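Novice: Below: sequence and its predicted model.
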Amino acid sequence: MSIDNKVASGPNFVPSYQTSGVPFVTSSAADEVPSAADVNFAGTPPVVPIRVKFPFVTRFFAITNTGAGDLRVGFTEVGVQNPTSPGTGDLGPETGRHYFIVPTGSISSQRLEIRCTQLFFLSDEVTGYPGSFSLMAGMTGITGSNFPVITGSNDFLGVG
């Protein structure tokens, strides 16, 4: 009788993050990323951010803003949509604005050593102009089904 000594690759399997990542590269079409300004207009259908779903858990990623305006990047759809009421001043983990900005004209964000299975993109322009991006990521061998769903409702506060 043989013994199966196969090591399972889960979210905390350190060797998966110590080896070089398998490349994953994608780009949006020019002006494909909708504007965050369109999210707040009453009477219009909700704007859906561009979602990039990775085939495996990332080891790292880097983003190039190829659009004419700043770009919001977040880990949940709600996080990049900024659902917080303006003027509340509350930026706690249970509120909106859970994204980071990749500025206009930036050649690339720095390489971000973050484990995730998806990213969401919205143009941060208040004038309603769409944006675009290029993304490079290094993949681990960990499948998304072996990784927790990162969302505020799962107690991952600060992502939306």
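Specialist: Okay, I see it. Since the model is a prediction, treat every value here as computed from it, not as a measurement. Residues are numbered from 1 along each chain as shown.
Novice: alpha carbons only for contacts and neighbour counts from here, please
Specialist: Fine.
Novice: Okay, and the beta partners of the spatially most central residue of the chain?
Specialist: Centroid-nearest residue in the chain, with Cα atoms, centre = their mean: residue 119, separated by 2.2 Å. Beta bridges link residue 119 to residue 52, judged by DSSP bridges.
Novice: Could you check the pLDDT of it?
Specialist: Looking at residue 119, its pLDDT is 96.
Novice: now do residue 147
Specialist: Residue 147 is given a pLDDT of 78.
Novice: Could you pull up phi and psi at it?
Specialist: phi -120, psi 140 (degrees, to the nearest 10).
Novice: returning to what we had before: hang on, isn't the residue nearest to the centre of the chain packed against residue 53?
Specialist: Yes. Between residue 119 and residue 53 there is a contact at 6.7 Å, judged by Cα atoms under 8 Å.
Novice: Just the helices from this structure, written as ranges.
Specialist: Listed in chain order, the helices of the chain (DSSP state H) span 15-18, 77-81.
Novice: who's in contact with residue 136?
Specialist: 23-26, 61-63 (Cα atoms under 8 Å, 6 or more residues apart in numbering).
Novice: If we use 7 Å, what do you get?
Specialist: Residue 136 sits next to 24-26, 61-63 when contact means Cα atoms under 7 Å, 6 or more residues apart in numbering.
Novice: next one: residue 31
Specialist: Shown in contact with residue 31 (Cα under 7 Å, 6+ apart): 67, 130-132.
Novice: The same query, at a cut-off of 10 Å, please.
Specialist: 66-68, 123, 129-133 (Cα atoms under 10 Å, 6 or more residues apart in numbering).
Novice: next one: residue 65
Specialist: 27, 71-72, 101-109, 123, 131-135.
Novice: Can you select the buried ones among those for me in ChimeraX?
Specialist: Burial among these is assessed by 16 or more other Cα atoms under 10 Å; the matching ChimeraX selection reads:
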select :27,71,72,101,102,103,104,108,123,131,132,133,134,135
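Novice: out of the contacts of residue 65, which are inside strands?
Specialist: 27, 71-72, 101-102, 123, 133-135 (DSSP state E).
Novice: show me the contacts for residue 69.
Specialist: Going by Cα under 10 Å, 6+ apart, residue 69 touches 35, 102-105, 123-127, 129-132.
Novice: switch to 6 Å and redo it
Specialist: 104, 125 (Cα atoms under 6 Å, 6 or more residues apart in numbering).
Novice: How about residue 99?
Specialist: Residue 99 touches 72-74, 80, counting by Cα under 6 Å, 6+ apart.
Novice: measure it to residue 24 for me?
Specialist: As judged by Cα to Cα, to the nearest Å, residue 99 and residue 24 stand 22 Å apart.
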